[in-house]
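Peer 1: Have a look at this prediction, sequence included:
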Amino acid sequence: MTKRTQLALATALVAALALGASGCSDTKKGQAGKGGASNPAAANDGKILGGTPVKGGTLTILSNQDFSHLDPARNWVMPAMDFGTRLLYRTLVTFKSEPGKAGSELVPDLATDLGKPSNGGRTWTFTLKDGLKYEDGTPIKAQDIKYNVERSFSPDLTGGPDYAARYLAGTKGYTGPLQGKHLDSVKTPDDKTIVFELNRPVAEFSATATLPTFAPVPQAQEKGTQYDSRPFSSGPYKIESYDRDKKLVLVRNEHWDAATDTVRKAYPDKFVVVMGLKGGQIDDRIIASAGADASAVSYSNMRPESAPKVLPKPEVKARLLAESQGCTTMLQLNTSRAPFDDVKVRQAFQYAVDKESMVTAGGGPAFNEIATAYLPSSLTGGAQADTLKIAPAGDPAKAKELLKAAGKEKLKVSLAVSTGDKTRAEALQQGLSRAGIEVVIDTVDPGAFYDVIGDTTTAPDMTLAGWCPDYPSGSTFLPFVFDGRTIKVKGNSGNYAQFKDDATIKRIDEISAYDDAQRARQGWIDLDAEIMQKAPAVPVVLERKPLLIGTNIAGAFGHPVWSGAIDYATIGLKDPAKGQG
């Protein structure tokens with residue numbers, strides 16, 4: 001759903017983690033960690049942990065990082081998008097707050113319905129509910145949603161979803177509303193009606209309207225890039241204080257009306273996000289669940305070395321969420337310059353990567369499986385394609401052969417990764433060395449990672465980044481990762497390979513124009529195979545999202561659309577009196 005996988009599992013894997021792989025599928029067949037009863041990490045799949053919450057108390061979120069962005073025009077990274085759209089701002093449409101398949105069902109949010117298409121699907125009209133208010137009690141208006149959609153075009157507000165630019169008519173050269181210019185293709189005939197005129201039919205525009213781009217921002221609250229620090233609330237909570245990189249405190253928005261909101265339950269009185277903690281420290285605190293930590297959840301993934309403290313202990317494993325993220329982690333190769341402007345070099349890397357070692361570095365088969373294509377299995381009918389049929393451990397000899405044909409028998413390349421991904425970067429480094437490839441690793445603070453790799457003027461040779469579909473459609477995956485028209489100098493998102501290929505662009509447009517969903521689904525699968533041959537990126541692993549919850553937490557589950565992140569819409573405490581903070 002969202003944009004990229006936020007932060008992968010990190011650090012070295014202890015030998016004892018092997019116990020978590022007992023009974024799993026054979027990694028040599030590329031199927032490690034498929035889930036099911038044999039996978040100890042999957043024991044709580046589809047379950048709501050802790051029962052039904054009681055209203056009140058303080059829920060603490062322990063994190064190793066600050067949010068990349070909370071401005072709804074810029075928020076496109078999981079789990080920040082989950083946090084923002086469930087707690088701080090509402091969108092025209094949203095997803096049900098339920099585990100499993102039911103969580104993929106669309107429901108109205110600010111709108112009275114899922115939108116009304118006309119003009120053959122080129123026009124979509126939404127009507128706002130009665131009684132919608134901001135945190136100061138002023139009414140939410142259709143013009144405020146239009147304004148935020150327009151803000152998403154501002155060159156200073158980088159990093160957000162690109163759907164408005166892709167779908168709206170008449171946007172060429174538009175750079176946002178700050179200079180007083182507005183889009184004619186977004187109309188607000190009155191305070192409760194918003195009409196979108198599209199450049200082509202889009203049958204799934206209701207799903208697009210779940211994104212933060214379609215949350216309201218009143219023009220009077222505009223603060224440019226500073227809006228990140230204080231979004232104006234249309235949701236059940238508002239910001240009381242925000243000390244960047246340290247702590248964020250949310251308290252109730254007394255003007256939020258539950259009668260207008262069928263999704264958010266707003267059980268806790270307060271959410272406190274504590275930032276800058278080390279991953280192992282977070283795990284240990286929640287495992288122990290002493291004091292306020294009993295009412296805490298983890299924002300960042302459980303560390304691999306914590307698995308032996310969790311998987312063998314039923315009372316702790318009962319507090320582990322590890323839903324499939326539905327995302328693909330890829331090694332993206334910068335095709336804009338040498339050596340990756342040569343397809344033979346890129347193809348060599350497909351064979352050089354040791355994916356088995358990446359599974360191990362990412363937590364073992366209980367938490368990862370080998371990726372054999374770009375599209376995750378959720379978009380291909382339950383199993384990934386495997387068109388290249390490369391051995392899970394790679395084929396260094398074949399890689400050397402391709403590099404020799406390209407005249408690049410010895411290579412030295414740079415790799416940028418989030419700080420938490422250093423161990424997986426080292427596994428990549430070691431695997432590529434077998435083919436005579438030297439890798440220099442550069443680690444970047446996780447809160448700044450996507451801004452750094454999204455600057456094409458300073459982009460590294462390679463980066464390790466994932467992509468998650470924004471909703472269950474191939475149209476939310478391949479076009480964002482491999483359409484050369486999406487590349488931006490600053491705030492480049494998804495296409496970190498800077499891949500520009502005319503044939504790929506042509507096929508993206510052809511498939512996007514299909515009005516038959518099954519035909520489109522097969523078209524994306526076929527295009528996936530074609531792009532694999534051109535090798536702008538190497539699919540590496542498919543991950544679960546292991547998150548721990550404290551003993552006083554209730555209503556917790558990993559949402560299927562939010563890439564397995566905890567759904568904050570319905571989480572709360574068993575005993576509010578124990579919630580401190």
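Peer 2: Cool, got the structure.
Peer 1: Find the least confident helix or strand in this protein, judged by mean pLDDT.
Peer 2: helix 449-453 (a mean of 89; mean pLDDT, DSSP states H and E).
Peer 1: The helix or strand following it pairs with which strands?
Peer 2: Sequence-wise, the next helix or strand downstream of helix 449-453 (DSSP states H and E) is strand 462-467. Here strand 462-467 is paired, per DSSP bridges, with strand 320-333 (antiparallel), strand 411-418 (parallel).
Peer 1: Looking at these, which one is packed in the most?
Peer 2: By mean neighbour count, with neighbours taken as mean count of other C-beta atoms under 10 Å, strand 320-333 ranks first of the strands paired with strand 462-467 at a mean of 26. In this view, the C-beta of every residue, glycine as well, is placed from N, C-alpha and C.
Peer 1: For the helix or strand following that strand, which helices and strands make contact with it?
Peer 2: Using DSSP H and E, the helix or strand that follows strand 320-333 in sequence is helix 343-352. Counting contacts by 3 or more C-beta pairs under 8 Å, 6 or more residues apart in numbering; DSSP states H and E, helix 343-352 packs against strand 320-333, helix 396-405, helix 422-433, helix 517-534.
Peer 1: shouldn't residue 95 be in contact with residue 101?
Peer 2: No: contact criterion C-beta atoms under 8 Å: residue 95 and residue 101 do not qualify, at 11.4 Å.
Peer 1: which one of these two has more residues nearby?
Peer 2: residue 95 (26 against 10; other C-beta atoms under 10 Å).
Peer 1: for the nearest residue to the more buried one once chain neighbours are set aside, phi and psi?
Peer 2: Nearest-residue entry for residue 95: residue 561, 4.9 Å, with adjacent residues in sequence omitted and distances by C-beta to C-beta, 6 or more residues apart in numbering. Per-residue torsions, residue 561: phi -90, psi -30 (degrees, to the nearest 10).
Peer 1: ok, residue 561 touching residue 471?
Peer 2: Yes: in this structure, residue 561 is within contact of residue 471 by C-beta under 8 Å, at 6.7 Å.
Peer 1: Give me the more crowded residue out of these two.
Peer 2: Legend: neighbour count by other C-beta under 10 Å for residue 561 and residue 471, higher for residue 561 (26 against 18).
Peer 1: helix, strand or coil for residue 511?
Peer 2: helix (DSSP: H, G, I helix; E, B strand; the rest coil).
Peer 1: for it, what are its contacts?
Peer 2: 474, 475, 520, 523, 524, 527 (C-beta atoms under 8 Å, 6 or more residues apart in numbering).
Peer 1: which of those tops the neighbour count?
Peer 2: residue 475 (26 neighbours).
Peer 1: Below-threshold pLDDT in this structure: ranges please.
Peer 2: Regions of the chain meeting the criterion pLDDT under 70 cover residues 1-37, 581.
Peer 1: one more time with 50, if that's ok
Peer 2: Applying pLDDT under 50 to the chain flags the ranges 1-37.
Peer 1: The stretch 51-200 of the chain: helices as residue ranges?
Peer 2: Along the stretch 51-200 of the chain, counting by DSSP state H, counting those that start in this stretch, helices occupy 80-83, 142-151, 163-167.
Peer 1: The second one - contacts with which helices or strands?
Peer 2: So that's helix 142-151. strand 186-190, strand 193-197.
Peer 1: Could you say which of the ones you listed is packed most deeply?
Peer 2: Greatest average neighbour count among these goes to strand 193-197 (a mean of 21), per mean count of other C-beta under 10 Å.
Peer 1: Pull up the pairing partners for it, direction included.
Peer 2: By DSSP bridges, strand 193-197 pairs with strand 123-127 (antiparallel), strand 186-190 (antiparallel).
Peer 1: Residue 252: what's it in contact with?
Peer 2: Residue 252 neighbours (C-beta under 8 Å, 6+ apart): 236, 237, 238, 266, 269, 270.
Peer 1: what about the residue nearest to the last one when sequence neighbours are not counted, neighbour count?
Peer 2: Nearest in space to residue 270, with sequence neighbours left out and distances taken as C-beta to C-beta, 6+ apart, is residue 58 at 4.4 Å. Residues near residue 58, counting by other C-beta under 10 Å, number 21.
Peer 1: I'd guessed residue 58 sits against residue 273; true?
Peer 2: No: using C-beta under 8 Å, residue 58 is not in contact with residue 273; the gap is 11.3 Å.
Peer 1: Let me know the helix or strand that the residue lying closest to residue 430 once chain neighbours are set aside is in.
Peer 2: Leaving aside its chain neighbours, residue 430 sits nearest to residue 357 (6.8 Å; criterion: C-beta to C-beta, 6+ apart). Element membership of residue 357 [criterion: DSSP H and E] is helix 355-361.
Peer 1: which other helices and strands contact that helix?
Peer 2: Secondary elements touching helix 355-361 (3+ C-beta pairs under 8 Å, 6+ apart): strand 368-370, helix 422-433, strand 537-548.
Peer 1: Can I get those in a markdown table including distance to residue 206 and mean neighbour count?
Peer 2: A markdown table is the format used below for those (distance: least, C-beta to C-beta, whole Å; neighbours: other C-beta atoms under 10 Å):
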| stretch | distance to residue 206 | mean neighbour count |
| --- | --- | --- |
| strand 368-370 | 31 | 27 |
| helix 422-433 | 37 | 21 |
| strand 537-548 | 26 | 27 |
